[in-house]
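In: could you look at this predicted model? Sequence included:
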Amino acid sequence: MVVNNQELTDLFARLGVSDYEGRVYVALLTNNPATAYEAAKESGVPTSKVYEVLDRLEARSMVRSLEEAGKKRYLPQPVDDFVEGTRRRLGDTLDSLKADLARLGGPQDQAYVWNLSDTAALVDKACRMVQTAADAVLVSAWNPEALLLVPLLALARARGVKTALVHFGPGNLPVGGVYRHPIEDTIYAEKGGRGLVVVADGHEALMGTLRDDSAEGAWSLNRGFVTLAEDYVKHDIYIMKIVERFDAELLKRFGPGYEKLRDIWNDEEETS
């Protein structure tokens, strides 16, 4: 069977492993120890190229060679050793790169706003903000994003960070400081998507809207932007505390979904 899996090829490429190298390594995982000819046949790599590929893999410690019955045969590095070793090397490299670039860079422009235009970028930035917070984190999130952030919020609380989450979704979440928003359907209809707000240490803020097929948002250290996001979450928490204690009275005075309370253009109540 010739090994030619595009998904594996793409993943290897992200690690700097060529198509041929990845195919030979995978072939050896399924058939080892193997001669260079057997590795070429199994992987689909031309025989004229396979020795060069095996030499590169051996230099990377992804394979090792041995003499067996007068022939040179090759064994692959165990998957766990390859993955964890690569993870450590990449981590060390990125740590060094981060430190070197930080020394080169000047002060960060506090006024700049970074636009984030896809769901993965928004969620990744939100997660990193929670992970690096030192004092306090405010979050407003819908269920898909809240479920990703809750474990990180729990870890933050464990290290002494104050956390509060306005949750637009059902059920209780396994983290303290959760305020469940009671009219998520109404909010979704108004906004046309799921909101996501994260404020870390009163210093940086992220705000975005996520839909099934798109997302848009922004992150900034801008003081005005941060204050706006911070006040947005805080005022929702104030309202949730009021709703929890006076829900029946609010429904009586403002109607289902607090419709008249949410009507900012008119100061009216339900008529009896």
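Out: Ah, there it is.
In: which stretches of the protein have low pLDDT?
Out: For the chain, applying pLDDT under 70 flags the ranges 1-4, 105-110, 183-191, 272.
In: now the strands for it?
Out: 63-68, 71-76, 113-116, 136-142, 162-168, 178-180, 194-200, 204-210, 215-220 (DSSP state E).
In: quick one: contacts of the third one?
Out: This means strand 113-116. Identification of contacts with strand 113-116 by C-beta atoms under 8 Å, 6 or more residues apart in numbering yields 122, 125, 206, 208, 215-220, 222, 225. To be clear about C-beta, it is placed using only N, CA and C from the backbone, and glycine gets the same treatment.
In: show me the two of those residues that sit farthest apart.
Out: 215 and 222 (20.6 Å; C-beta to C-beta).
In: coming back round to it: of the contacts of strand 113-116, buried ones?
Out: Buried members of these, counted by 16 or more other C-beta atoms under 10 Å: 122, 125, 206, 208, 215-220, 222, 225.
In: may I see the residues you listed organised as a markdown table, with distance to residue 73 added?
Out: What follows is the buried ones among the contacts of strand 113-116, written out as a markdown table (distance: C-beta to C-beta, whole Å):
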| residue | distance to residue 73 |
| --- | --- |
| 122 | 49 |
| 125 | 48 |
| 206 | 53 |
| 208 | 54 |
| 215 | 51 |
| 216 | 55 |
| 217 | 54 |
| 218 | 56 |
| 219 | 53 |
| 220 | 58 |
| 222 | 62 |
| 225 | 62 |
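In: let me see the ranges of the helices in the stretch 151-272 of the chain.
Out: Ranges of helices in the stretch 151-272 of the chain, per DSSP state H, counting those that start in this stretch, are 184-191, 223-254, 259-262.
In: could you dump these into a markdown table and include distance to residue 144?
Out: What follows is the helices of the stretch 151-272 of the chain, written out as a markdown table (distance: least, C-beta to C-beta, whole Å):
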| stretch | distance to residue 144 |
| --- | --- |
| helix 184-191 | 12 |
| helix 223-254 | 18 |
| helix 259-262 | 24 |
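In: out of the ones you listed, which is closest to residue 85?
Out: Nearest to residue 85, of the helices of the stretch 151-272 of the chain and by C-beta to C-beta, is helix 223-254 at 40.6 Å.
In: so that closest one versus strand 204-210, what angle?
Out: Using axes from the mean of the first three to the mean of the last three C-alpha atoms, to 10 degrees, one finds that helix 223-254 and strand 204-210 are set 50 degrees apart in direction.
In: same for helix 223-254, what does it pack against?
Out: strand 136-142, strand 162-168, strand 178-180, strand 194-200, strand 204-210, helix 259-262 (3 or more C-beta pairs under 8 Å, 6 or more residues apart in numbering; DSSP states H and E).
In: any chance of the ones you listed in CSV, with distance to residue 60 too?
Out: Below are the helices and strands packed on helix 223-254 laid out as CSV (distance: least, C-beta to C-beta, whole Å):
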stretch, distance to residue 60
strand 136-142, 41
strand 162-168, 43
strand 178-180, 47
strand 194-200, 39
strand 204-210, 38
helix 259-262, 61
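In: looking at those, which is nearest to residue 102?
Out: strand 204-210 (16.4 Å).
In: off-centre distance for the closest one?
Out: Counting by C-alpha atoms, centre = their mean, to the nearest Å, strand 204-210 is centred 14 Å from the centre of its parent chain.
In: quick one: strands adjacent to that strand?
Out: Strand 204-210 has its sheet partners listed here by DSSP bridges as strand 194-200 (antiparallel), strand 215-220 (antiparallel).
In: which residues are contacting the last one?
Out: Pointing back at strand 215-220 there. Against strand 215-220 from outside (C-beta under 8 Å, 6+ apart): 111-119, 121-122, 125, 193, 196, 204-210, 225-226.
In: switch to 6 Å and redo it
Out: 113-119, 122, 125, 206-209 (C-beta atoms under 6 Å, 6 or more residues apart in numbering).
In: report the two of those residues separated the most.
Out: Going by C-beta to C-beta, the pair spanning those furthest: 113 and 119, at 18.8 Å.
In: mind listing what's buried in stretch 125-142?
Out: 125-127, 129-130, 133, 136-142.
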